[in-house]
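In: what follows is a predicted structure for the sequence shown.
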Amino acid sequence: MAFEIRGYYAIPSRIQTWGLEDWKQYIDCMLDDGCNFLIYWIGGGFPSKRFPETWRYNTAHCNMTENFFGAVVEYAHAKGIEVVLGFTPYAYDGVASYADAHPELAGTNPDGTIHRTRGIHDVGMWLCPRHEQSRQFMLDYVREMIFDFYPNADGLFVESSDYGHCRCPECAEHYVEREWEFVRTIADELWAAKPGARMVIYPLYYQQGVAQPDLRFSLFFTPHSAHITPDVVSLDCPKMYWVMLFGLDPHAAAEGARIAADNGLQGYVVAMEAFSYTQELNGRTVTYRPFDVPWSPSEVFPMKDLIPSVMRFSYKFHCENPYADEDEYRAALAGAFFGDRSRTQDADDLLYVVSALQKFQHFGRRGSLVHPEEFEFEHSPEKRVAAEAEYRVILSRFRDIGARHASHELGRIARWVVDRWLEVRPETPRISEWVSEGN
Ligand SMILES: [Zn+2]
């Protein structure tokens, strides 16, 4: 194994339907994938007694009635997997709902209006840390999470917001210092209670000079919001790199592994997210299913479906072989999914289908490649012709792949997608010809 720390980043707050048994399966899959580390992002996902407004939006989540996250941690430990609890200071799930319930504490735009963003699940508002009550809330909420609810967790993952923060005049100047005050306080409390607990933070506090490096913290880098810089990469503390992976081409796993290895990082972690919740979107109620693989007979826990399996395989392969080239990867993929390392053309078909599906399913958003009934909602009238042309190219190739792999799961999925279009949008140009061809 090339990396000491190998694992997945998951947001259980946004998986309302998975109970303890599903999470046990998830952890078993992690073991199969060579993982030993889980970022378990639970802001807004546990039934806080002190701040019930943080989960009022998430009452459909089964952890609210069953409170089983502690048992997930216990199960992970039994399998040798370390678990850190994730959340974002002053933003994101749970915090956004608290801000919504206390608009006098809400983060603002520079002109003083409350900042609202549209997004998945619970990312609507920020909290402004210039208010004493906001700072107190943030500490007390995380204290409750780690000390009262899930003290068996191995530590905390403090995800600095990647979609900005309050932009009031005070935060414009001092936001990062405020966030660091929070991090410093909660870290000291955690280490007092549990010496050696893992505190994973973003490098911005050091990079912006608001804090002196403390080597007890683990550092976390991402391609879009936490860059690797010489001043911090040379620090003698655990460091890890993250990539989105889910929602990206499987090749993203290769790039992330190479960056982590090139920089001598100890850890490589990828998002392995399975969103499952209902949300109001464009005036409709939309339900997201885990990994959005509606062809799967096990839709509730489809982590062993072909598409998630290829993503998992890609992570594991590149984690073990960060400097493998494309040919080695294709051969390994062919061996794993077609039983023969020389079947690299079949591996290319598989990669094509996975990449196309990933591209259109970012955040499990029910893209219209797989859900053609969403087409009008997803594309404004002036963009429909171009979108249809793009889908047509993909569907045409899916159709060929469906025929070529008739007895393989790959062919079954490719045909499923084409059949949905024939069923829902048979009037689509070119595709309409396939209907008359009886296919
Ligand atoms: Zn502010």
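Out: Perfect, thanks for sending it.

In: what does the pLDDT read for Ser160?
Out: pLDDT recorded at Ser160 is 97.

In: and for it, the neighbour number?
Out: Neighbour count for Ser160, taken as other C-beta atoms under 10 Å: 21. Bear in mind the C-beta positions are built from the backbone N, C-alpha and C, glycine included.

In: for the stretch 51-200 of the chain, which spans come out with low pLDDT?
Out: Low-confidence segments of the stretch 51-200 of the chain (pLDDT under 70): 119.

In: please read the previous query as pertaining to the stretch 301-439 of the chain.
Out: Within the stretch 301-439 of the chain, the stretches with pLDDT under 70 are 362-365, 435-439.

In: go through the longest helix along the chain and flag the buried ones.
Out: Ranked by number of residues, the top helix in the chain under DSSP state H is helix 169-193. Residues of helix 169-193 classed as buried: Cys171, Tyr175, Val176, Arg178, Glu179, Trp180, Glu181, Phe182, Val183, Ile186, Ala187, Leu190 (neighbour count, 16 or more other C-beta atoms under 10 Å).

In: filtering these by proximity to the ion, which remain?
Out: Cys171 (C-beta under 5 Å from the ion).

In: report the distance from the longest helix of the chain to the chain centre.
Out: Put simply, helix 169-193 sits 25 Å off its chain's centre (C-alpha atoms, centre = their mean, to the nearest Å).

In: helices and strands around that helix, which ones?
Out: Helix 169-193 sits against helix 132-143, strand 155-158, strand 198-201, helix 204-207, with contacts defined as 3 or more C-beta pairs under 8 Å, 6 or more residues apart in numbering; DSSP states H and E.

In: now do it: everything it contacts.
Out: The contact list for helix 169-193 (C-beta atoms under 8 Å, 6 or more residues apart in numbering) reads 89-90, 107, 110, 128-130, 135, 138-139, 142-143, 146-147, 155-156, 158, 160, 165-166, 197, 199, 201, 204-205, 208, 210-211, 214, 216-217.

In: and stretch 326-343, by the same measure?
Out: Residues external to stretch 326-343 that are found in contact with it (C-beta under 8 Å, 6+ apart): 254, 306, 309-310, 313-314, 317-318, 321, 324, 344, 346-348, 350-351, 408, 410.

In: any buried residues in the strand or helix carrying Arg420, and which?
Out: Assigned by DSSP states H and E, Arg420 belongs to helix 409-424. Neighbour-count burial for helix 409-424 flags 409-411, 413-422 (criterion: 16+ other C-beta under 10 Å).

In: setting aside sequence neighbours, what's the nearest residue to Cys62?
Out: Closest residue in space to Cys62, ignoring its immediate chain neighbours: Gly19 at 5.1 Å, by C-beta to C-beta, 6 or more residues apart in numbering.

In: could I get the buried residues of helix 409-424 as CSV with distance to Ile394?
Out: Formatted as CSV, those follow (distance: C-beta to C-beta, whole Å):
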residue, distance to Ile394
Glu409, 18
Leu410, 15
Gly411, 15
Ile413, 13
Ala414, 10
Arg415, 14
Trp416, 14
Val417, 9
Val418, 10
Asp419, 14
Arg420, 13
Trp421, 10
Leu422, 14
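
In: dump those residues to JSON lines, plus distance to the ion.
Out: Listed next are those as JSON lines, based on distance: C-beta to the ion, whole Å:
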{"residue": "Glu409", "distance to the ion": "51"}
{"residue": "Leu410", "distance to the ion": "51"}
{"residue": "Gly411", "distance to the ion": "54"}
{"residue": "Ile413", "distance to the ion": "47"}
{"residue": "Ala414", "distance to the ion": "50"}
{"residue": "Arg415", "distance to the ion": "53"}
{"residue": "Trp416", "distance to the ion": "48"}
{"residue": "Val417", "distance to the ion": "46"}
{"residue": "Val418", "distance to the ion": "51"}
{"residue": "Asp419", "distance to the ion": "52"}
{"residue": "Arg420", "distance to the ion": "46"}
{"residue": "Trp421", "distance to the ion": "48"}
{"residue": "Leu422", "distance to the ion": "53"}
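
In: chain center to stretch 408-428: distance?
Out: Taking mean C-alpha positions (C-alpha atoms, centre = their mean), stretch 408-428 and its chain are 27 Å apart.

In: could you do stretch 309-318 as well?
Out: Centroid separation for stretch 309-318 versus its chain: 15 Å, with C-alpha atoms, centre = their mean.

In: export that stretch to PDB, keeping only CA atoms.
Out: The C-alpha trace of stretch 309-318 is given here as PDB (Å, rounded to 0.1, in the frame of the first residue of the first chain):
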ATOM      1  CA  SER A 309     -17.900  -0.800  -8.200                       C
ATOM      2  CA  VAL A 310     -15.900   0.600 -11.000                       C
ATOM      3  CA  MET A 311     -15.400   3.800  -9.000                       C
ATOM      4  CA  ARG A 312     -14.300   1.800  -6.000                       C
ATOM      5  CA  PHE A 313     -12.000  -0.300  -8.000                       C
ATOM      6  CA  SER A 314     -10.400   2.800  -9.500                       C
ATOM      7  CA  TYR A 315      -9.700   4.200  -6.100                       C
ATOM      8  CA  LYS A 316      -8.300   1.000  -4.700                       C
ATOM      9  CA  PHE A 317      -6.100   0.400  -7.800                       C
ATOM     10  CA  HIS A 318      -4.600   3.900  -7.900                       C
END
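
In: ok, residues contacting that stretch?
Out: With contact meaning C-beta under 8 Å, 6+ apart, stretch 309-318 is reached by 29, 32-34, 245-246, 250-251, 253-254, 256-258, 270, 272, 303, 324, 329, 332-333, 336-337, 350-351, 354, 358.
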